[in-house]
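Asks: below is the sequence, then the predicted model.
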Amino acid sequence: MVVRILLAVAGLVVLTFAADHLVLGSSRLAQRLRISPVVVGVVVIGLGTSAPEFLVSGVAAARGDTGLAVGNIAGSNILNLTLVLGIAALAGQVAVTSHVIRREVPLAVVAVVLFSFLAWMGLHPVTGAVLGAAGVCAVFVLIRWAREGRSNEEVAEEAAEFTKASATVDVPVQASTLPAWFEPVRAGLGLAGVLAGAQLLVSNASAIATDLGVPQVIIGFTLVALGTSLPELVTTVQAQRRGESELVVGNLFGSNLFNSLVGGAVVGIASGSAATERAAVALSVTMILTAVLAWMLLRRGLALTRVEAIVLLGAYALTMPLLLSS
């Protein structure tokens, strides 16, 4: 048991480290290829930071551990909008503009509701295809909104700041001084590392659940979801320290959108067929409630205060008893 726990933690470390370099390599490669800064910011970085959730859940689903896969996605979504957003609001007021509350945040909430409904029905290739198609549509909508609302220069600056903030390790030289082959190699090794870390984490987390007689969905919600949400937590704290609270909200709700649509599609396609556990249903309902709660709190005054941060943290604390009683 101790060895499996240590191996699962090692998988989390590899996963987090490799995900950083996957995002860095992919975004800088896209910039070298002169891809639009809007596409880099919305697609490359948005999908890259959610890669741990996608790949961990995909590996789990392919192994037949669908409860762990669904628990990871739902747990990560709940963590993002309760624990991570609550910690950010404790550090300082989280303020947003009205157009973010009117457009990006509701789109993410709709994505969470769609994923929850299809997860209740059972994730399989057909529901996975529906989620994948919705994910493609959402990406096009986000790109269009980004181009309409801000200049490419502003998006490029935010993308560069996001990439720098999300990296736990980086080379101490400018990207332009690196050889042309470095970023593709970095991205490839990052992807390989994420896959290896995901396999190590999932195999040992599944074994731990079996040994303890605990439903896989609970292990997915606790150990696995917390580990795969570490990149969002690190990025959020650093962005909040720089006073970029709108980037905090966009990152967290955007992560939930990609987790729900793209992550759900990966699980559905990889699993083949899936029966829904009662705990997974309870977790999906909780995921919707926490998304709506965070949205309503932000909508009240276009900001989160420390009191509201405590409300979000309290919501996270109540999630586990609800899950255990289901």
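Replies: Now that the structure is in, tell me what you want to look at.

Asks: quick one: contacts of stretch 195-205?
Replies: By CB atoms under 8 Å, 6 or more residues apart in numbering, the residues outside stretch 195-205 that reach it are 4-5, 7-8, 10-18, 52, 55-56, 58-60, 63, 65, 68, 219-220, 223-224, 227. Backbone N, C-alpha and C define where each C-beta goes, glycine included.

Asks: distance from that stretch to the middle of the chain?
Replies: The chain centre lies 17 Å from the centre of stretch 195-205; the measure is CA atoms, centre = their mean, to the nearest Å.

Asks: export that stretch to CSV, keeping only CA atoms.
Replies: Only the C-alpha atoms of stretch 195-205 are listed here, as CSV (Å, rounded to 0.1, in the frame of the first residue of the first chain):
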residue,chain,number,x,y,z
LEU,A,195,1.2,10.0,-20.6
ALA,A,196,3.7,8.2,-18.4
GLY,A,197,2.7,10.1,-15.3
ALA,A,198,-1.0,9.5,-16.1
GLN,A,199,-0.4,5.8,-16.4
LEU,A,200,1.6,5.6,-13.2
LEU,A,201,-1.0,7.6,-11.3
VAL,A,202,-4.1,5.8,-12.7
SER,A,203,-2.7,2.3,-12.2
ASN,A,204,-1.7,2.9,-8.6
ALA,A,205,-4.8,4.9,-7.7
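
Asks: list the buried residues for it?
Replies: 195, 197-205 (16 or more other CB atoms under 10 Å).

Asks: so which of the contacts of stretch 195-205 belong to helices?
Replies: 4-5, 7-8, 10-18, 52, 55-56, 58-60, 68, 219, 227 (DSSP state H).

Asks: flag every buried residue along the helix or strand containing V105.
Replies: For V105, the host element (DSSP states H and E) is helix 105-121. Buried residues in helix 105-121, counted by 16+ other CB under 10 Å: 105, 107-116, 118-119.

Asks: just checking, what packs against it?
Replies: helix 66-79, helix 125-149, helix 245-258, helix 264-271, helix 278-301 (3 or more CB pairs under 8 Å, 6 or more residues apart in numbering; DSSP states H and E).

Asks: ok, and for the last one, which residues are buried?
Replies: Of the residues in helix 278-301, those with enough neighbours to count as buried (16+ other CB under 10 Å) are 279-284, 286-288, 290-291, 293-295, 297-298.

Asks: just give me the least confident of the residues you listed.
Replies: Among the buried residues of helix 278-301, A279 has the lowest pLDDT, at 55.

Asks: what mean pLDDT does the strand or helix carrying H99 have?
Replies: Using DSSP H and E, H99 maps to helix 98-99. The pLDDT scores in helix 98-99 average 70.

Asks: next one: stretch 213-224
Replies: 73.

Asks: and the end-to-end length of it?
Replies: Stretch 213-224 has an end-to-end distance of 17 Å (CA to CA, to the nearest Å).

Asks: which parts of that stretch are buried?
Replies: 215-224.

Asks: can you add distance to I101 and give those residues back as JSON lines?
Replies: Listed next are these as JSON lines, based on distance: CB to CB, whole Å:
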{"residue": "P215", "distance to I101": "36"}
{"residue": "Q216", "distance to I101": "36"}
{"residue": "V217", "distance to I101": "31"}
{"residue": "I218", "distance to I101": "33"}
{"residue": "I219", "distance to I101": "34"}
{"residue": "G220", "distance to I101": "30"}
{"residue": "F221", "distance to I101": "28"}
{"residue": "T222", "distance to I101": "31"}
{"residue": "L223", "distance to I101": "33"}
{"residue": "V224", "distance to I101": "31"}
